[in-house]
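[1] My questions are about this predicted structure, shown below with the sequence.
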Amino acid sequence: MPSSLRTTGICIVVAASTDQGWAQVRATGDDGSCGVGLWGCTALLGGDRRAGDDWASGLNCCILSIGTLCANITIFSEKVEIKKPYIILEGDRDQQTVIQYGDGGNVVTSPTFKLNADNFVARYIVFKNTYDNLPSKLDASGVNTTWAPAAAINGDRASFYHCSFSSLQDTLTDAKGRHYFYDCKISGAIDFIWGNAQSIYENCQINSLASKIAPRVGFITAQARESPEENTGFVFKNCHVTGSGPMYLGRAHTNHARVLFAGTTMDNVIRAEGWDGARFKGSENLISFSEANCRGPGANMSKRVKWEKKLSDQEVLLAVYAFSSISSSGADVGEGCSAIGDEKAFSDQIVAAAGHGSYGTGLFSEACG
């Protein structure tokens, strides 16, 4: 097997496991071919199955281990869309498993990876959009970028562990639903974490690529909460902001945007003002941008915008708890359900919800345990 495999087209997951313990995953490309074939819970991108084949559609849970077990394949150059709930997507923890594609100009059609289903887990996957990294897409000064998401997350109760997201603009479209990111790396330069989800980023590396768009300035977040009644927003807990500057922590995509950085280390890449009201200057009192207990040279708040929200310790704890207590059943931790922040517990819930026992046991133990 080659160490990498280049394929093209669009991969759409629409089928899952059967009671025989195997599954086939339908993936349709522009030419009608299928880019994913699954046997024994090992997904091999670049397969030659045809879209007209008889696809399995039995029980509604499957663990897709890509780049492991039967194949030494690590780079998949195609678009992937998950449309079926109860999917666990796994890469190889010892070597990078990359899903990448180069497309830009449209936040709806350009993402390399789309999640349009609930109850999802990804581990050890690198999601890339290479569009803005192509020299032909840059002008003479090297600052011409456009929307080029590496991933667009629209499902509810989704979690990502030890994953990486890389592009320049709109890298991670954290669009809607409740999401948890643990030990992930998100790289970009302009609005590279944006959307209106209710999400917590814990122990993540936020990697600024602002030097690639110089002399322009970069923005980490562009949160899009539309009203004070919405419980959406982004919380960054114990993260590390690093890379190259200058960079704002965020700008308001809507006039009720909400972002909190708590216990985060910030390197010297953050502009002194910290935040930008963007097109909502004059109504910044509606925006909820906050920092609490952060450290590092970029966390100096002496010159921050005057309208940054100051939160008490109790308000910070309540905010972090509210965003952390997301579970696969929709209940919070206090109601006896495991939060998606618990990696194995949430995986167990997804597998059990489809009647398969727990992750790494029963139906999937031999192929994927």
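    Structure received.
[2] For Arg251, give the beta-bridge partners.
    The residues listed as beta-bridge partners of Arg251 by DSSP bridges are Asp276.
[3] Number the chain from 27, please
    Sure, I'll start counting at 27 from here, so that last one is Arg277.
[4] Next, count neighbours for it.
    Residue neighbour count, defined by other Cβ atoms under 10 Å, stands at 24 for Arg277. C-betas here are computed from N, CA, C, even on glycine.
[5] Repeat that for Gly303.
    Neighbourhood size, Gly303 [other Cβ under 10 Å]: 18.
[6] how far away is the residue nearest to it when sequence neighbours are not counted from Arg251?
    Leaving aside its sequence neighbours, Gly303 sits nearest to Glu310 (Cβ to Cβ, 6 or more residues apart in numbering; 4.6 Å). For Glu310, the distance to Arg251 under the criterion Cβ to Cβ, to the nearest Å works out to 14 Å.
[7] what's the closest non-adjacent residue to Thr156?
    Excluding the flanking residues, the one nearest Thr156 by Cβ to Cβ, 6+ apart is Gly128, at 4.1 Å.
[8] Give the next helix or strand downstream of the helix or strand Phe218 falls within.
    Counting by DSSP states H and E, the element that carries Phe218 is strand 216-221. Tracing the chain C-terminally past strand 216-221 and defining elements by DSSP H and E, one meets strand 224-228 next.
[9] avg pLDDT for the next helix or strand after that next one?
    Where DSSP H and E defines the elements, the next helix or strand beyond strand 224-228 is strand 231-235. Regarding strand 231-235, the rounded mean pLDDT is 97.
[10] Quick one: list the elements packing against strand 231-235.
    strand 211-214, strand 244-249, strand 266-270 (3 or more Cβ pairs under 8 Å, 6 or more residues apart in numbering; DSSP states H and E).
[11] give me that answer again for 7 Å
    In terms of contacts (3 or more Cβ pairs under 7 Å, 6 or more residues apart in numbering; DSSP states H and E), strand 231-235 is packed against strand 211-214, strand 266-270.
[12] Now render those as CSV, adding mean pLDDT and distance to Trp220.
    CSV is the format used below for the helices and strands packed on strand 231-235 (pLDDT from 0 to 100; distance: least, Cβ to Cβ, whole Å):
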stretch, mean pLDDT, distance to Trp220
strand 211-214, 98, 10
strand 266-270, 97, 16
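[13] just to revisit the earlier point, count of residues packed around the residue nearest to Gly303?
    What Glu310 shows, counting by other Cβ under 10 Å, is a neighbour count of 19.
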